[in-house]
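# need a 3D model of the following:
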Amino acid sequence: SNNSKGPAQGKVKDGLYQFDLNNHQFQSSVTLKGFSSSRSHDEVSFSLNKAYEFDLRHQRLGHVSRDVVKKALEYCNVLFVINEKASLCSSCVMSKSHRLPYSHSSYTTSEPLELIHSDLRGPTPIKSRNGYS
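The predicted structure follows:
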């Protein structure tokens, strides 16, 4: 069937798209794609909210591993659902990407502090959370 509402839309926050899983339209679109149609709407809604809560806990605990979040929630007797297909945290994926190493230097030294390397930049137009630039 055609969905005249179009795809679910999210807002960009901290460089990531975030979706409001409490939005009925978004829950319906995820229901069609991620869950079997034999489940009731209440079951699916519960599952979506618990999967969202698991991901939120992952973020709030500093992007720790799934096992750590699971152990913490089990320890606190909190019900949760892990949606294996949707639980890839894009922040974690981005942070695991690697840069190429620096090339080897041809400089050699014989005395301490004979060669000092530092990265300097500033002042920057971007201010920190505390207002420093």
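
# now I82. Nearest residue, chain neighbours left out?
Of all residues not flanking I82 in the chain, F54 sits nearest, at 5.7 Å (CB to CB, 6 or more residues apart in numbering). Placement of C-beta: from N, CA and C, glycine included.

# so which strand or helix has that neighbour?
In this assignment (DSSP states H and E), F54 forms part of helix 41-60.

# so for that helix, mean pLDDT?
Mean pLDDT, computed over helix 41-60, is 62.

# kindly report the same for stretch 94-105.
Per-residue scores along stretch 94-105 average to 71.

# cool, and stretch 11-23?
Stretch 11-23 comes out with an average pLDDT of 64.

# one more: stretch 121-133?
76.

# contacts only, for L61.
Shown in contact with L61 (CB atoms under 8 Å, 6 or more residues apart in numbering): 68-69, 72.

# can you list contacts of the helix or strand harbouring L73?
Using DSSP H and E, L73 falls within helix 66-75. Helix 66-75 has contacts (CB under 8 Å, 6+ apart) with 54, 57-58, 61, 80, 82, 87.
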